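**Q** Give me a model of this one.
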Amino acid sequence: MRAYRLLFAIGAVAALLLYVLVLRGPAPGPAGSPTADGETGRPVRGGHLTATLRAEPRTLNRVVDAAFPTHLLSLLTGARLARIHPVTQEPEPWLAESVELAADARSLAVRLRPDLRWSDGTPLTADDVAFSLRAAYETTGSVLADTLRVNGRPLTATVEAPDRLTIHAPAPYAPLPRLLDALPILPKHALEAALAEGTLGARCTPREPCPSAGPFVVSRYDAGERIVLARNPHYWRTGEDGLPLPYIDGLTLTIVPDQNAELLHLTSGSVDLTQSEPRAEDIRVLREAEAAGRVRLVEAGPGLDRQMLWFNLGPAPIDPARGFLRDRRFRQAVSLAVDRQGFADTVFLGAADPSPFPVTAANRAWHAADLPAPAYDPRRAAELLEAMGLQDRDNDGVREDGAGRPVRFTVLVQAGITAAERGAAFLRDALANLGVAVDVVALDLAAIFGRWGSGEYDAIYHFLQMTDTDPAGNLDFWLSRGSAHLWHPRQATPATTWEAEIDRLMLAQAASPDRAERVRLFREVQRILGEENPAIWFAAPRVYVAHSPRVGGVIPAVTRPQVLWNADELWVR
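**A** Predicted structure coming up:
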């Protein structure tokens, strides 16, 4: 088990000093990083790695797309001022040489590293940072604007010199340095005109990539098949030998939608690593392959993220017959009808822990361990449905509402994700025992997000990756106006009193410099969510990482991407 280093502080001053110390000094270098099997090795240069990608990216533009394929390509070809280290969960300098939080927690003094350049050779300056901040707010369809707001208002930037700027917040915000991880830096010289024309959201595609500040550039794109990345000749980091990173010459992302095919690719040696965690049923196969010397397998630790069920609580249901989804008693009944221990044992073959809360026990700083967990109580679930007037009037095993319409709804799930499909099937069977009919429909990822974006769905069972372990770094999920407020995004005003209360609590939580008060406020948020159940969580799987033995420099993380988060430090034996 990995113990995360967490930022605890006694009082606001200590917290502020910790942030300054963490975000000053050089970024860590590879220097004989331990591999996944615990060995150390000296990195060598050259070679090419191949990894799988479960779905094709719709764009490389992280400003307008938060799906994992785009997120991964953004990490490989882009860069931030500072990043949240996936293992320690602490902020560290990246493009910035130093970041200092002011004593009033309302501004950041940023100094860039010297001689930063885009992949086309153009200097990367503070003007690019200021432009990127503007683009996050002004781009049509931006998914970053809500994350980068404090009290609902945007950050602003003042450029003092090519290598210096100050980022201002409209109100005190204790975790302000962590927001820098959410801001991809964009090339002003390539995109300024597009922002002015309102077309920036359509730029930076796999077929027509933009200049890169990350370790790689896109060199080839075969739609539906692969994306080939080559070394960025102007990448800023250097290895222990003093030469520019990355160590490898290139990286191919092969698109493999099916997880069975993905496993076969790995164990046969046709790919070096995968982008999805091994399923519980894959562990035996991987251990056999490890014994034969074909793969290496390591448990990274308990997971931070997992799949969840959320309901469409948007402006209007697709069909009046689904009006019961809006009644919190129905959603409470769904939660009570599921045996979470049985869910963990069946869906993940025991390689998971029951987890009914939005924050898993792995995130010990913010997990509300003292909240009462919902019990497995099908009798109480049936009572709630009876109180709603949902009864099996014709004895066909499915309840009907007062108008005689069956209590039936559809759950969308991503095709090819075995754990997701098995989880949705478990939910279908559990609710069938309650007299509720569930139709499980498997779609590809693009279709699911398309249906979600248009509001044409009843419920979705899918994975959501939080961008930060600090809840204030995910306000786009928690706030009713947020673009990732899954059950009813982008509300002009809160649609319900409980969402308004969560808004109030989260804004106060994000602004407070008192760590204990922030924990208390967020506990209350989790309590409300557990009562209203717009989204329901069931189990947290343990995370395993598998890769080819020829890959060196692997430092597994529990968050995705588990291996390619430090792609510039990977090397080939």
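**Q** Select the longest strand from this protein.
**A** Looking across the chain with DSSP state E, the single longest strand is strand 539-547.
**Q** what pLDDT, on average, does that strand get?
**A** On average, the pLDDT along strand 539-547 is 92.
**Q** That one packs against which elements?
**A** If contacts are counted by 3 or more Cβ pairs under 8 Å, 6 or more residues apart in numbering; DSSP states H and E, strand 539-547 sits against helix 282-291, strand 296-302, helix 340-347, strand 352-354. C-beta: built from backbone N, CA, C; applies to glycine.
**Q** at 7 Å what do you get?
**A** strand 296-302, helix 340-347, strand 352-354 (3 or more Cβ pairs under 7 Å, 6 or more residues apart in numbering; DSSP states H and E).
**Q** immediately after that strand, which helix or strand?
**A** As assigned by DSSP states H and E, the chain's next helix or strand after strand 539-547 is strand 551-552.
**Q** What pairs with that next one, parallel or antiparallel?
**A** For strand 551-552, the pairing partners within the sheet under DSSP bridges are strand 571-572 (antiparallel).
**Q** so where's the protein uncertain?
**A** Counting by pLDDT under 70, the chain has low-confidence residues at 1-40, 316-318.
**Q** go again using 50 as the cut-off
**A** Within the chain, the stretches with pLDDT under 50 are 1-22, 28-38.
**Q** Using CSV, list the CA coordinates for the longest strand of the chain.
**A** The C-alpha trace of strand 539-547 is given here as CSV (Å, rounded to 0.1, in the frame of the first residue of the first chain):
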residue,chain,number,x,y,z
ALA,A,539,-17.0,-0.1,-5.0
ALA,A,540,-13.4,1.1,-5.3
PRO,A,541,-11.2,-1.4,-7.2
ARG,A,542,-7.5,-1.9,-6.3
VAL,A,543,-5.3,-0.7,-9.1
TYR,A,544,-2.8,-2.9,-10.9
VAL,A,545,-0.3,-1.9,-13.5
ALA,A,546,1.1,-4.3,-16.2
HIS,A,547,3.8,-3.5,-18.7
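**Q** what does that strand rub up against?
**A** The contact list for strand 539-547, computed with Cβ atoms under 7 Å, 6 or more residues apart in numbering, reads 36, 266, 272-274, 277-278, 283, 286, 295-303, 306, 340, 343-344, 347-348, 351-355, 360, 362, 554, 556, 558, 562-563.
**Q** Can you say which of the residues you listed are buried?
**A** For those, a burial check counting by 16 or more other Cβ atoms under 10 Å picks out 36, 266, 272-274, 277-278, 283, 286, 295-298, 300-303, 306, 340, 343-344, 347-348, 351-355, 360, 362, 554, 556, 558, 562-563.
**Q** so can I have TSV of the helices and strands packed on strand 539-547 showing distance to residue 452?
**A** TSV is the format used below for these (distance: least, Cβ to Cβ, whole Å):
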stretch	distance to residue 452
strand 296-302	28
helix 340-347	22
strand 352-354	25
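**Q** Can you check which of these gets nearest to residue 403?
**A** helix 340-347 (32.5 Å; Cβ to Cβ).
**Q** So what touches that closest one?
**A** Outside helix 340-347, the residues that reach it (Cβ under 7 Å, 6+ apart) are 350, 352, 353, 354, 356, 376, 419, 422, 423, 426, 538, 539.
**Q** got the angle between that helix and strand 539-547?
**A** 30 degrees (axes from the mean of the first three to the mean of the last three Cα atoms, to 10 degrees).
**Q** Tell me how far helix 340-347 lies from the chain's centre.
**A** 23 Å (Cα atoms, centre = their mean, to the nearest Å).
**Q** Also stretch 288-302?
**A** For stretch 288-302, the distance to the chain centre is 25 Å (Cα atoms, centre = their mean).
**Q** Other residues contacting that stretch?
**A** By Cβ under 7 Å, 6+ apart, stretch 288-302 touches 1-2, 36-37, 266-267, 269, 286-287, 353, 360-362, 540, 542-549, 556-558, 562.
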